[in-house]
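[1] what's the 3D shape of this:
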Amino acid sequence: MKIIETSGLPILSWCNEPEAGALEQARNIAQLPFAYHHVALMPDTHQGYGMPIGGVLALEDTVIPNAVGVDIGCGMLACQTTLQHITADEIKQIMGLVRQHVPVGFNHRKTPLPLDLPPENATIANAEYQSARHQLGTLGGGNHFIEIQRGNDGHIWFMIHSGSRNIGKKVCDHYNALAKRFNKQRQSDVPPKWDLASLPVDTEEGKAYIAEMDYCQQFALRNREVMAAHICEAFNQICGAGIFDSQLLTYNIHHNYASPEHHFGKDIWVHRKGATSARAGEMGIIPGSQGTKSYIVRGLGNANSFCSCSHGAGRIMGRKEAQRRLSLADEVRHMDERGIIHGLRSVRDLDEAAGAYKDIDLVMAEQADLVEIVVELTPLGVIKG
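    Below you'll find the predicted structure:
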């Protein structure tokens, strides 16, 4: 960790070489009048919208929609199976079944699923409720994925990366626009160009955003659970019953959210945008990029990171840049040589290739004081959104 002094709060960075745009955004949030103690940057930090992805920001009595992001509650689910061996043919069959039952990309379900999450006191969530039922148990696009993995604990695992789908975006967009109007009316000192409009938590607007954000987190958890159930069924159908039992390890966590916490002697709102909670003893998931290892980790409770760690490897190229610069042949060879069953087929798929991301080994080395590795997971087959 290194300390970067600013005209506002100091920045504590576990990212040794943050890109210029991300560092500029970090300096902006460090100058917010309601920011508390310091800003923390995880080793996967890269430029986002308003606030850098991989950033952790503590605010006094304030929430910022853009410091959570549009995919509220986006996160990871990882599940250990009893299998110790699996063939390439079995992986292909499982992936085929999963694709039949889990819509990906912009696809939604034709028949809505039951959703026992009544959106009480949530205006946007209530308006989107019926649409959300069609999106429950769907993967989405971008960097979302389903992966079958081999753990160094001797078990086959699967992992899911997905979030709150369109409902999270609608909530963020609505309350960010509301916060902009609110800040303009109150003549906020925060420059509008920073895209960091805020809402005090004791206002009706702030309370409403928190309620809707909480709902989106619940939906995202359920979304991953529904997909996991389909994946479990596919494993059972191809590999035989009894692959899952109550003793198995399953983790389901967020990495885009804000929560009330106590740090450095004060009750504050910790915003983790592309960052994972890593309290002492807390289990977490840090995925690599497509074709690289992922990790089940245990938090070390490092106070300087607000008890946080990275949420993944972190991008080093924008999507269009990756499509221009990366070699499709090289990226396919990278996957094939490792025996990974994948869907890299065209140049447009390069936006999510391993070459567009940071070296996960370096990312893990940079946060050795934030988490300890419990299980190392090697990819066997991947479905991308």
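[2] just the helices in the stretch 1-150 of the chain please.
    With DSSP state H, counting those that start in this stretch as the definition, the stretch 1-150 of the chain shows helices at residue ranges 20-30, 88-101, 123-127, 129-135.
[3] So which other helices or strands are in contact with the longest one?
    Looking back up the chat, that one is helix 88-101. Here helix 88-101 touches strand 145-151, helix 204-239, strand 371-384, going by 3 or more CB pairs under 8 Å, 6 or more residues apart in numbering; DSSP states H and E. (Glycine included, C-beta is placed from N, CA and C.)
[4] helix or strand right after the shortest one?
    Using DSSP states H and E, the helix or strand that follows strand 145-151 towards the C-terminus is strand 156-162.
[5] now that following strand, how far from the centre of its chain.
    Using CA atoms, centre = their mean, to the nearest Å, the distance from the centre of strand 156-162 to the centre of the chain it belongs to is 13 Å.
[6] Just the pLDDT at the closest residue to L136 other than its chain neighbours, thanks.
    Taking CB to CB, 6 or more residues apart in numbering as the measure, L136 lies nearest to L113, with 4.6 Å between them; neighbours along the chain are not counted. The predicted local distance difference test score for L113 is 92.
[7] same deal with the one 4 residues further on?
    Among the per-residue scores, L117 shows a pLDDT of 84.
[8] That one contacts R222, correct?
    Yes: applying CB atoms under 8 Å as the test, L117 and R222 come out as touching, 6.5 Å apart.
[9] Out of the two, name the residue with the larger neighbour count.
    Between L117 and R222, counted using other CB atoms under 10 Å, the more crowded position is R222 (20 against 17).
[10] so the more buried one sits right up against R133, yeah?
    No: taking contacts as CB under 8 Å, R222 lies outside contact range of R133: 10.9 Å.
[11] what is in contact with these two at once?
    Counting by CB atoms under 8 Å, 6 or more residues apart in numbering, the residues touching both R222 and R133 are L115.
[12] got a list of what Q290 touches?
    Taking CB under 8 Å, 6+ apart as the contact definition, Q290 lies against 145, 335, 342, 344, 352-354, 357, 379, 382, 384.
[13] mind redoing it with 7 Å?
    Q290 makes contacts with 352-354, 382, 384, as judged by CB atoms under 7 Å, 6 or more residues apart in numbering.
[14] same question, A40
    Contacts here follow CB under 7 Å, 6+ apart; on that basis A40 touches 12, 56, 304-306, 308.
[15] Mark which of those are part of strands, please.
    Taking DSSP state E, the ones among the contacts of A40 that sit in strands are 12, 56, 308.
[16] before we move on, back to that, of the contacts of Q290, which is the nearest to G69?
    E352 (18.2 Å; CB to CB).
[17] Is the closest one in contact with G141, as I believe?
    No: because the distance of 9.4 Å does not satisfy CB atoms under 7 Å, E352 is recorded as not touching G141.
[18] which of the two has more neighbours?
    Higher neighbour count among E352 and G141: E352, with 25 against 13, using other CB under 10 Å.
[19] State the mean pLDDT of stretch 6-16.
    The average of the pLDDT scores along stretch 6-16 is 96.
[20] Show me what it is in contact with.
    Stretch 6-16 has contacts (CB under 7 Å, 6+ apart) with 1-4, 26-27, 30-31, 35, 37-43, 45, 54, 304-305, 366-367, 370.
[21] Narrow those to those that are buried.
    1, 4, 26-27, 30-31, 35, 37-43, 45, 54, 304-305, 366-367, 370 (16 or more other CB atoms under 10 Å).
[22] and the helices and strands packed on helix 88-101, which is most packed in?
    Per-residue neighbour counts averaged over each of these give the maximum for strand 145-151, namely a mean of 23 (mean count of other CB atoms under 10 Å).
[23] which residues sit against that one?
    Applying CB under 7 Å, 6+ apart, the external contacts of strand 145-151 come out as 80, 91, 94, 98, 139, 156-161, 231, 294, 375-385.
[24] how about 8 Å then?
    Residues external to strand 145-151 that are found in contact with it (CB under 8 Å, 6+ apart): 80, 86, 91, 94-95, 98, 102, 139, 156-161, 227, 231, 287, 290, 294, 296, 352, 375-385.
[25] Tell me the predicted confidence for L249.
    With respect to pLDDT, L249 scores 84.
[26] Quick check: the closest residue to it other than its chain neighbours vs A177, distance?
    The spatial neighbour of L249 that comes closest, neighbours along the chain excluded (CB to CB, 6+ apart), is Q80 at 4.4 Å. Taking CB to CB, to the nearest Å as the criterion, Q80 is separated from A177 by 42 Å.
[27] returning to that earlier point: among the contacts of stretch 6-16, which ones are in strands?
    Per DSSP E, the subset of those in strands is 2-4, 35, 37-43, 45, 54.
[28] Between all of those residues, which two are at the greatest distance?
    When the ones in strands among the contacts of stretch 6-16 are compared pair by pair using CB to CB, the farthest-apart members prove to be A35 and P43, with a separation of 21.2 Å.
[29] where are the low-confidence patches of the stretch 151-300 of the chain?
    Under the criterion of pLDDT under 70, the regions of the stretch 151-300 of the chain flagged as low confidence span 245-247.
[30] which element is H271 on?
    Of the helices and strands defined by DSSP H and E, H271 is found in strand 266-273.
[31] List the strands paired with that strand, with their directions.
    Taking DSSP bridges as the criterion, strand 266-273 forms sheet pairs with strand 53-59 (antiparallel), strand 256-263 (antiparallel).
[32] which of those is buried the deepest?
    The highest mean neighbour count among these, using mean count of other CB under 10 Å, belongs to strand 53-59: a mean of 27.
[33] Would you quantify the distance from the closest residue in space to G288 that isn't next to it in sequence to F145?
    Using CB to CB, 6+ apart and skipping residues adjacent in sequence, the residue nearest G288 is I360, 3.8 Å away. Counting by CB to CB, the gap from I360 to F145 is 14 Å.
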